[in-house]
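Peer 1: Sharing a sequence plus its predicted fold:
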Amino acid sequence: MDPAIKPVADRDWNVCGPAVTVKLEAVDHLMCIAALGVAQPGDVIVVAANGVTHTSVWGGGLTLSAKNLGAAGVVVDGAVLDSPMILERALAVLEECEAKSKILLATRQRMNGSKETFFSLRGGRSMVEKAGVEWVE
């Protein structure tokens with residue numbers, strides 16, 4: 001494991017259990033949601049986010065869902081958001097760093113082969129442009 005990955009807020013957390021792995025190809029947390037659909041009690045959700053730290057792929061809401069499912073913990077190779085909410089959930093979450101803003105990106109394949117991209121964001125225009133995405137009003 002990358003030594004940069006540490007427990008949220010430097011808690012003394014360790015995780016152990018079978019892994020449910022998620023490989024993100026884009027800045028998108030939809031596959032994290034899908035992982036919650038297959039995780040079993042005692043599983044550790046491992047998110048390979050390619051070290052993305054300019055936006056988050058995991059947060060307090062996903063942590064609550066994982067805890068309610070009985071997950072043993074979460075490991076994210078990237079940024080998470082909502083550390084105070086994660087700490088309230090008392091589920092071990094290990095992260096590369098805390099995200100300052102969040103961009104949720106979803107891409108849908110259309111019938112004709114083209115793609116549509118939708119954004120729901122916190123952070124505004126400057127955050128979108130830092131991520132290398134054209135701002136469209």
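Peer 2: Thanks, I have the structure now. Please read these numbers as outputs of a predicted model, since none were measured by experiment.

Peer 1: List the buried residues in the longest strand along the chain.
Peer 2: Ranked by residue count, the top strand of the chain under DSSP state E comes out as strand 44-58. Neighbour-count burial for strand 44-58, counted by 16 or more other Cβ atoms under 10 Å, picks out 44-49, 52-58. Any C-beta I mention is one placed from the backbone N, CA and C, and that applies to glycine too.

Peer 1: Repeat that for stretch 2-13.
Peer 2: For stretch 2-13, by 16+ other Cβ under 10 Å, it's Pro7, Val8.

Peer 1: Other residues contacting that stretch?
Peer 2: 51, 73, 75-77, 80, 83, 86-87, 92-98 (Cβ atoms under 8 Å, 6 or more residues apart in numbering).

Peer 1: Quick check: the two most widely separated of those residues?
Peer 2: Gly51 and Leu87 (23.3 Å; Cβ to Cβ).

Peer 1: what's the burial count for the closest residue to Asp82 other than its chain neighbours?
Peer 2: Distance criterion Cβ to Cβ, 6 or more residues apart in numbering; nearest residue to Asp82, sequence neighbours excluded, is Gly60 at 3.4 Å. By other Cβ atoms under 10 Å, 18 other residues sit near Gly60.

Peer 1: from what I can see Gly60 touches Leu87, true?
Peer 2: No. Counting by Cβ atoms under 8 Å, Gly60 stays clear of Leu87, with 9.1 Å between them.

Peer 1: Now do the helices in this protein.
Peer 2: Remark: helices assigned in the chain by DSSP state H are 30-38, 60-69, 83-89, 124-130.

Peer 1: could these go into CSV alongside distance to Ala9?
Peer 2: Converted to CSV, those look like this (distance: least, Cβ to Cβ, whole Å):
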stretch, distance to Ala9
helix 30-38, 20
helix 60-69, 13
helix 83-89, 6
helix 124-130, 23
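
Peer 1: Out of those, which one sits most buried?
Peer 2: Neighbour counts (mean count of other Cβ atoms under 10 Å) averaged over each of these peak at helix 60-69, with a mean of 20.
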